[in-house]
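[1] Show me the folded form of this:
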Amino acid sequence: NEAQSTKVASAVIKLQSMLPNARVLYCSATGVSEVGNMAYMARMGLWGPASPFQDFAAFLDSMRKRGVSFMELLAMEMKATGRYVARGLSFKQAEFLQVEAPLVHAHVMQYDAAVGLWQQLKAQLELALQLSGSGDKGIWKNFWAAQQRFFRLLCIGLKLDTVVAEATAALAGGMCVVIGLQSTGEAAADAMGVEPGPLPGFVSPCKELLVRFIQQHFPIHHVQSPEAPSAGLSLDAIPACQQMKQQLLTQVTSLDLPPNFLDQLIDELGGPTVVAEMTGRKGRVIREKRSNGAAGRVVYELRAKPDSSEMDSLNVSEREAFLAGSKRVALISDAASTGISLHAAATAVNKARRLHLTIELPWSADKAIQQLGRSHRTNQVSAPLYKLIVSAAGGERRFAAAVARRLQSLGALTRGDRRAAAGLDLSESNFDSPWGRKSLRKMYDHIVTESPQLPSGVAVSALFKDLLPTFTPAQAAAAETDSSDASPTAPAAVSTEQQELIMQLLQQNLPALSALQQLAAADAGKAVSADAYRNSLDKSGNSASAAAAAPTA
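    Residues are numbered from 1 along each chain as shown. Down below sits the predicted model:
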């Protein structure tokens, strides 16, 4: 599909057709992790004459039907036949840290107020659908998608204090800072129809997303037959629905929600003259500086002319300013996560060590690796320090676990080896393991049977009042066997206190994980004695359950 292809991929395909006798070597950071990205590899012999597939379309259809596991087999087969050589830049000198952004009281109040509003919106939306007789019509699909995006943006906003503190400390220590994001929140400004000029303040993408959903999907009219408009019949408004909708919009307006995280970061780190922004957004909200150095009014300005090539040249000039040292902070989004080098190159003027802060994890592991590679490349004088900023909300920790699993899977696709991830180690956060699933099953049992083995102060009825109102043993079994390849779960409309209690409940069986992993070491020819097993359980803080588990083990 040429419309969806990158300029580079289209040029590579054209170049191969113009040089049929040339020998070709393909180089890719993410290899065969996505079968659609292999379209330009026409010389591999995977499709075409003397192959099982007539063309790439047939190959693509066949591979997608078989799923990720078959892609791993393809990578292994290509590696075994000598058509695929996997080499990676060593992360030996790079450092990886996971930093938890604490939720202060103001953050908790902000988050819980948003949770209360979403729960109220759900209840009133159910009532409005009944009164209007409009039925589902895909509204709930849009509801859950909007809720997921909302809390994802909210969690990023709650991490900004920690990000600014980390960046400021690094700059004071002589380092340069690269901050990695995936989204920019530009859709909020577009939806509001913001024009260049003064604004009353920074735009909140969370608030705009919530307002747009209510305006577009909250029903206020009776459903009429398709013939009604042609007969000249007008839609009758429902007073109760109109009142609920207006009440919700008023509450959203008064809600305290964080502004656009990208604009706020640029503002708090010194403004556009200090921060190099490499994103795909065409405009941004900035705070003007007065002649005396004081902060001025807030204005919306265009970064480049719409539908022009200035955006590409703008990102290039911003990159050059960062490499020259005139700007010591770089902000990169998904649009600038490929093809841009920001490392401490021996040929660059700015040779300071890079602090790479990742404040928004992508859905795709490919994109995570691509963004990490911006500050870690060959010919560098120092390896970067990576810090993954994760908020204390339990839902985001669950999301980090899903990304960890996909990074492991990416190692199997790009190198033919599941053990070869990419240096980023999120194993401590990964609940998606055999032991994590066993602990999840225990949690389901506690919910269904009202077990007294809950953490101190946890009441199942209160904990799952809004989350799992009707949870049966059959649903628990179905949830346990559900495919783990589903989309990761972002923080949902559950209060911070409830999220923390859920995580406690899930993790109460996980301290024995280290001991069980030692037992699994027998596969490598190592034996674990009963005494070593008990000692490891004692260290994990779960010695009481260890005594009962040891004979079975």
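[2] Show the backbone phi and psi for the residue lying closest to His376 once chain neighbours are set aside.
    If the residues on either side of it in the chain are set aside, His376 comes closest to Pro384, at 5.3 Å by C-beta to C-beta, 6 or more residues apart in numbering. (C-beta placed from N, C-alpha, C; glycine too.) Note on Pro384: backbone dihedrals following degrees, to the nearest 10 are phi -80, psi 160.
[3] For the nearest residue to Val104 once chain neighbours are set aside, pull up the helix or strand it's in.
    Here the nearest residue to Val104 in space, its sequence neighbours aside, is Asp161; by C-beta to C-beta, 6+ apart that works out to 7.9 Å. Assigned by DSSP states H and E, Asp161 belongs to helix 160-172.
[4] got the buried residues for that helix?
    160, 162-164, 166-167, 170-171 (16 or more other C-beta atoms under 10 Å).
[5] which other helices and strands contact that helix?
    strand 95-101, strand 176-180, helix 261-268, strand 354-358, strand 385-391 (3 or more C-beta pairs under 8 Å, 6 or more residues apart in numbering; DSSP states H and E).
[6] longest helix anywhere in the chain?
    When the chain is parsed with DSSP state H, its longest helix is helix 105-132.
[7] in the next helix-or-strand element following that one, what's buried?
    With elements assigned by DSSP H and E, the helix or strand that comes after helix 105-132 is helix 139-158. Neighbour counts over helix 139-158 (16+ other C-beta under 10 Å) mark 139, 143, 146-158 as buried.
[8] Can you spell out which helices and strands pack onto helix 139-158?
    helix 105-132, helix 205-217, helix 261-268, helix 394-415.
[9] Next secondary structure after the last one?
    This means helix 394-415. Sequence-wise, the next helix or strand downstream of helix 394-415 (DSSP H and E) is helix 434-449.
[10] what does the third one give?
    Per DSSP H and E, helix 261-268 leads on to strand 275-278 as the next helix or strand towards the C-terminus.
[11] who touches that next one?
    Contacts with strand 275-278, where a contact means C-beta atoms under 8 Å, 6 or more residues apart in numbering, come from 262, 265-266, 269, 284, 303, 315, 318-319, 321-322, 327, 329-333, 335-336, 340.
[12] Now Ile389: closest residue in space that isn't a chain neighbour?
    Nearest residue to Ile389, sequence neighbours excluded (C-beta to C-beta, 6+ apart): Ile359, at 4.7 Å.
[13] okay but the one you found is in contact with Cys155, surely?
    No: using C-beta atoms under 8 Å, Ile359 is not in contact with Cys155; the gap is 9.4 Å.
[14] low pLDDT regions in the stretch 251-400 of the chain?
    By pLDDT under 70, the low-scoring segments of the stretch 251-400 of the chain are 290-295, 306-309, 311-312, 337-338, 363-366, 398, 400.
[15] quick one: the helices in it?
    Applying DSSP state H, counting those that start in this stretch to the stretch 251-400 of the chain gives helices spanning 261-268, 310-324, 365-372, 394-415.
[16] that older thread, can I get the helices and strands packed on helix 160-172 in a markdown table with distance to Ser69 and mean neighbour count?
    Formatted as a markdown table, the helices and strands packed on helix 160-172 follow (distance: least, C-beta to C-beta, whole Å; neighbours: other C-beta atoms under 10 Å):
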| stretch | distance to Ser69 | mean neighbour count |
| --- | --- | --- |
| strand 95-101 | 28 | 16 |
| strand 176-180 | 30 | 26 |
| helix 261-268 | 37 | 22 |
| strand 354-358 | 28 | 24 |
| strand 385-391 | 28 | 22 |
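[17] mind putting the ones you listed in TSV, distance to Ser204 included?
    Shown next, in TSV, are these (distance: least, C-beta to C-beta, whole Å):
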stretch	distance to Ser204
strand 95-101	19
strand 176-180	20
helix 261-268	10
strand 354-358	22
strand 385-391	18
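[18] right, and these - which one's nearest Leu440?
    When those are compared by C-beta to C-beta, strand 385-391 sits nearest Leu440, at 20.2 Å.
[19] could you check the angle strand 354-358 makes with the closest one?
    20 degrees (axes from the mean of the first three to the mean of the last three C-alpha atoms, to 10 degrees).
[20] Can you tell me what sits against strand 385-391?
    Against strand 385-391 from outside (C-beta under 8 Å, 6+ apart): 94-101, 103, 155, 158-159, 162-163, 166, 175, 353-359, 361, 372, 396-397, 400, 423-424, 426, 429.
[21] repeat that with 7 Å
    If you take C-beta atoms under 7 Å, 6 or more residues apart in numbering as the criterion, strand 385-391 is touched by 94-101, 103, 155, 158-159, 162-163, 166, 353, 355-359, 372, 396-397, 400, 424.
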